[in-house]
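Enquirer: the sequence isn't on hand, but the structure is:
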């Protein structure tokens, strides 16, 4: 195995470290966060840090670096509270990646990409058309991560939209059928194939499969 | 599309809500966190919330629910500071899932599964043998997420071990080659296939591929 120590990580070129450290924690979720400003300008940006926080209440978190392109997202969320989280599928990866380009705040990334906005159920922020799973969210709180001046945003999931044939009887969403991608590092996109789904694990009992052992 | 509103989410059965909300944020990273107690008892548990926080300094975060099985992990990390993060690959998914069973603190999950511990470079906590990417980490801080009494742990990445043929010249780790899986919801495991890797996005420029457009 190759080993990178603390010292060698410190001494790496910036780009090498960015690539290594961004890919060493495993696959990341691939989502487009869409917002709208008080002036009515919509904004959409790719995020790889959206994380499940809890089911009851339904909460998610994500990391913002206020000094980067995601500044628009942060300003809009702080002011208007509502935003949407939209799964990126395989057909959207080029446009989703393009949404990370640094456009001026008065420019909507929806106008610069093939991503289309749509408004659903009177929700303030736009959703991304063609995303197969989309969430309406409301800002709840933020925690400043003082170790590197990032912000961990906590939000409530207020609505969940799911396209056909993805939802299973027990509430599980089959993300392979949704064609949701996963992110590898800063800039690579992967499609996925479900290997197995397992039942609740109990001490000293063999793991059982939902798919192979029946339900 | 099917729509679940705030009201219908509140009224769902616990299991349906657990499955829906755990899968609606996209794919999750699949890691085994290993620790050792002051008494020398090792512990390994599956986590799906490990998230990249920053590259310089190299930081990751993960979510702990102190009242669950991960209590051992938390106690060991709080006391001894060091832990390891080990990518789960396709051959390990049954054992990784089994590590979520509620064993008593004096029992090591390494003894109850086919997962094997190994000690590398005098690091205090054990690594998981056969994981193709493994991180030595040091606890740095924690933030109590008061919305649901979870804890967001922040840690420094002190060392990175990478098996052969995964590291690219620019520091990027090819997680498909590492056979790292992604988690879908509470209990499903997916293998991945890289679709494309894109160069840095700039305003009004077409997205270029690392794989198709040369370097």
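Expert: Right, received. Where do you want to start? All of these numbers come straight from a predicted model, not from anything done at the bench. Numbering: from 1, shown residues only, chains lettered A, B, ... in the order given.
Enquirer: got a pLDDT number for residue A:189?
Expert: Listed pLDDT for residue A:189 reads 98.
Enquirer: and it, what does it touch?
Expert: A:30, A:88, A:90, A:93, A:97, A:181-183, B:194-198 (C-beta atoms under 8 Å, 6 or more residues apart in numbering or on different chains). Where C-beta positions appear, they are placed from N, C-alpha and C, glycine not excepted.
Enquirer: how does it look with 6 Å?
Expert: A:93, A:181, B:195, B:196 (C-beta atoms under 6 Å, 6 or more residues apart in numbering or on different chains).
Enquirer: ok, the nearest residue to residue A:146 once chain neighbours are set aside - how many residues close by?
Expert: Closest residue to residue A:146 apart from its sequence neighbours, by C-beta to C-beta, 6 or more residues apart in numbering or on different chains: residue B:141 at 7.5 Å. Number of residues near residue B:141 (other C-beta atoms under 10 Å in any protein chain shown) recorded here: 14.
Enquirer: can you check residue A:194 too?
Expert: 17.
Enquirer: who's the residue nearest to residue A:146 bridged to?
Expert: residue B:154 (DSSP bridges).
Enquirer: thought it was touching residue B:152?
Expert: No - using C-beta atoms under 6 Å, residue B:141 makes no contact with residue B:152, being 9.0 Å away.
Enquirer: on that earlier part again, pick the one among the contacts of residue A:189 closest to residue A:137.
Expert: The nearest member of these to residue A:137, counting by C-beta to C-beta, is residue A:181 at 20.2 Å.
Enquirer: quick check: that closest one touching residue A:30?
Expert: Yes - applying C-beta under 6 Å as the test, residue A:181 and residue A:30 come out as touching, 4.8 Å apart.
Enquirer: what do those two both touch?
Expert: Joint contacts of residue A:181 and residue A:30 (C-beta under 6 Å, 6+ apart) are residue A:88.
Enquirer: the more surrounded of these two?
Expert: A count of neighbours by other C-beta under 10 Å puts residue A:181 above the other of residue A:181 and residue A:30, at 30 against 26.
Enquirer: quick one: contacts for the more buried one?
Expert: By C-beta under 6 Å, 6+ apart, the neighbours of residue A:181 are A:30, A:88, A:90, A:189, A:191.
Enquirer: switch to 7 Å and redo it
Expert: By C-beta atoms under 7 Å, 6 or more residues apart in numbering or on different chains, the contact set of residue A:181 is A:30, A:88, A:89, A:90, A:93, A:189, A:190, A:191, B:195.
Enquirer: can you check the pLDDT for it?
Expert: 98.
Enquirer: out of the contacts of residue A:181, list just those in helices.
Expert: Members of the contacts of residue A:181 lying in helices (criterion: DSSP state H): residue A:93.
Enquirer: let me have the contacts of residue A:181 in JSON lines, extended by distance to residue B:75.
Expert: As requested, these are exported to JSON lines (distance: C-beta to C-beta, whole Å):
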{"residue": "A:30", "distance to residue B:75": "34"}
{"residue": "A:88", "distance to residue B:75": "38"}
{"residue": "A:89", "distance to residue B:75": "41"}
{"residue": "A:90", "distance to residue B:75": "42"}
{"residue": "A:93", "distance to residue B:75": "41"}
{"residue": "A:189", "distance to residue B:75": "38"}
{"residue": "A:190", "distance to residue B:75": "35"}
{"residue": "A:191", "distance to residue B:75": "39"}
{"residue": "B:195", "distance to residue B:75": "41"}
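Enquirer: so which of the contacts of residue A:181 is surrounded by the most neighbours?
Expert: Going by other C-beta under 10 Å, residue A:88 tops the contacts of residue A:181 with 29 neighbours.
Enquirer: now the two most distant members of the contacts of residue A:181.
Expert: So, the contacts of residue A:181 by C-beta to C-beta: farthest apart are A:89 and A:190, at 12.1 Å.
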